[in-house]
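Chemist: pasting the structure only:
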Ligand SMILES: C[S@@+](CC[C@H](N)C(=O)[O-])C[C@H]1O[C@@H](n2cnc3c(N)ncnc32)[C@H](O)[C@@H]1O
């Protein structure tokens with residue numbers, strides 16, 4: 001287990017993942033009844049962009065760094081606004097970037113709950129330090145692929161499972177496809193959001209084929225490409241698969257991504273995609 005998210009925090013992949021996460025959380029909070037969020041691969045919760053790790057890759061400079069000082073069109077900014085507001089609120093000191101647990105904690109109301117699973121002991125320790133003490137939250141130093149099974153369906157019956165593994169192993173796509181089938185069986189009304197790197201189109205095509213038969217009636221995929229895939233160097237493209245997305249999310253991302261992809265493109269390569277694998 002060598003992966004450290006501190007090398008990648010705030011990069012283009014974090015931007016699209018966290019913009020989408022914040023929109024889903026906002027949508028869950030529209031109803032009064034409580035919700036539960038399960039983050040299977042939580043990370044450290046907060047990242048110092050001035051750290052040696054972040055400086056070594058400089059990935060955040062091509063991600064949140066490119067967005068900090070520009071303004072997109074009013075329509076695209078309206079989609080970004082909740083994400084920008086979350087960053088402002090969570091990182092009042094320059095040079096920090098929040099991870100998914102901090103974004104989730106911020107979205108919880110008094111009766112909402114969250115479970116954060118993180119296997120790496122030091123990272124889990126950092127997560128406990130990063131989040132203010134909170135009775136609504138449980139942090140487990142545990143294998144998220146195993147733990148989540150006992151965490152669904154939650155008693156709230158509304159909520160989100162976020163799956164964001166490091167993709168250090170070759171079976172992460174298979175495990176995520178299996179999770180999707182299990183989620184459809186055990187908690188078919190919950191929202192499931194999977195993040196994945198796009199390095200090999202054939203692998204992604206197989207993954208999408210397995211998602212299509214997972215049992216969810218509503219399943220969309222989102223892609224953001226900032227460079228041609230297959231190039232050496234940092235990640236060039238990533239995807240999100242979202243089961244039971246909020247009803248406006250596809251329209252919102254279709255509005256945002258043409259502009260966001262241009263802003264985040266490296267070497268003028270910008271591509272994006274929002275497609276339904278099932279439904280709507
Ligand atoms: C991509 S990072 C998570 C980033 C985080 N979700 C965010 O958006 O800020 C993946 C994390 O999963 C952790 N990890 C690796 N294998 C795991 C496992 N089997 N169960 C839980 N966590 C794991 C790694 O230590 C790493 O912190």
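Modeler: Nice, thanks for sending it over. Computed from a predicted model, the values in this text were never measured in an experiment. Residues are numbered from 1 along each chain as shown.

Chemist: the helices in the stretch 101-250 of the chain, which residues?
Modeler: 121-130, 144-151, 172-186, 201-212, 249-264 (DSSP state H, counting those that start in this stretch).

Chemist: how about those helices in JSON lines, adding distance to residue 105, mean pLDDT and mean neighbour count?
Modeler: All C-beta spots, glycine's among them, are computed from the backbone N, C-alpha and C. Shown next, in JSON lines, are the helices of the stretch 101-250 of the chain (distance: least, Cβ to Cβ, whole Å; pLDDT from 0 to 100; neighbours: other Cβ atoms under 10 Å):
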{"stretch": "helix 121-130", "distance to residue 105": "10", "mean pLDDT": "97", "mean neighbour count": "16"}
{"stretch": "helix 144-151", "distance to residue 105": "17", "mean pLDDT": "95", "mean neighbour count": "16"}
{"stretch": "helix 172-186", "distance to residue 105": "23", "mean pLDDT": "97", "mean neighbour count": "18"}
{"stretch": "helix 201-212", "distance to residue 105": "29", "mean pLDDT": "97", "mean neighbour count": "14"}
{"stretch": "helix 249-264", "distance to residue 105": "21", "mean pLDDT": "97", "mean neighbour count": "19"}
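
Chemist: can you list these in JSON lines and add distance to residue 90?
Modeler: Formatted as JSON lines, those follow (distance: least, Cβ to Cβ, whole Å):
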{"stretch": "helix 121-130", "distance to residue 90": "10"}
{"stretch": "helix 144-151", "distance to residue 90": "22"}
{"stretch": "helix 172-186", "distance to residue 90": "27"}
{"stretch": "helix 201-212", "distance to residue 90": "31"}
{"stretch": "helix 249-264", "distance to residue 90": "20"}
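
Chemist: the ligand is nearest to which of those helices?
Modeler: Closest to the ligand of the helices of the stretch 101-250 of the chain, according to Cβ to the nearest ligand atom: helix 144-151, at 3.4 Å.

Chemist: hmm, the closest one touching the ligand?
Modeler: Yes. Using Cβ under 6 Å from any ligand atom, helix 144-151 reaches the ligand at 144-145.

Chemist: now for residue 107: which residues touch it?
Modeler: Going by Cβ atoms under 8 Å, 6 or more residues apart in numbering, residue 107 touches 22, 25-26, 28-29, 37.

Chemist: check residue 127 too.
Modeler: 42-45, 99, 101, 116, 118, 139.

Chemist: show me which residues of the stretch 1-150 of the chain sit near the ligand.
Modeler: Checking the stretch 1-150 of the chain against the ligand by Cβ under 6 Å from any ligand atom, the hits are 1, 3, 5, 17, 41-43, 99-100, 117-120, 123, 143-145.

Chemist: if we use 5 Å, what do you get?
Modeler: Selection of the stretch 1-150 of the chain residues close to the ligand by Cβ under 5 Å from any ligand atom yields 5, 41, 43, 99-100, 117-120, 123, 143-144.

Chemist: still on that earlier bit, now the contacts of residue 127 as a markdown table including pLDDT and neighbour count?
Modeler: Converted to a markdown table, the contacts of residue 127 look like this (pLDDT from 0 to 100; neighbours: other Cβ atoms under 10 Å):
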| residue | pLDDT | neighbour count |
| --- | --- | --- |
| 42 | 98 | 29 |
| 43 | 97 | 28 |
| 44 | 97 | 25 |
| 45 | 97 | 27 |
| 99 | 98 | 29 |
| 101 | 98 | 24 |
| 116 | 98 | 29 |
| 118 | 98 | 27 |
| 139 | 98 | 20 |
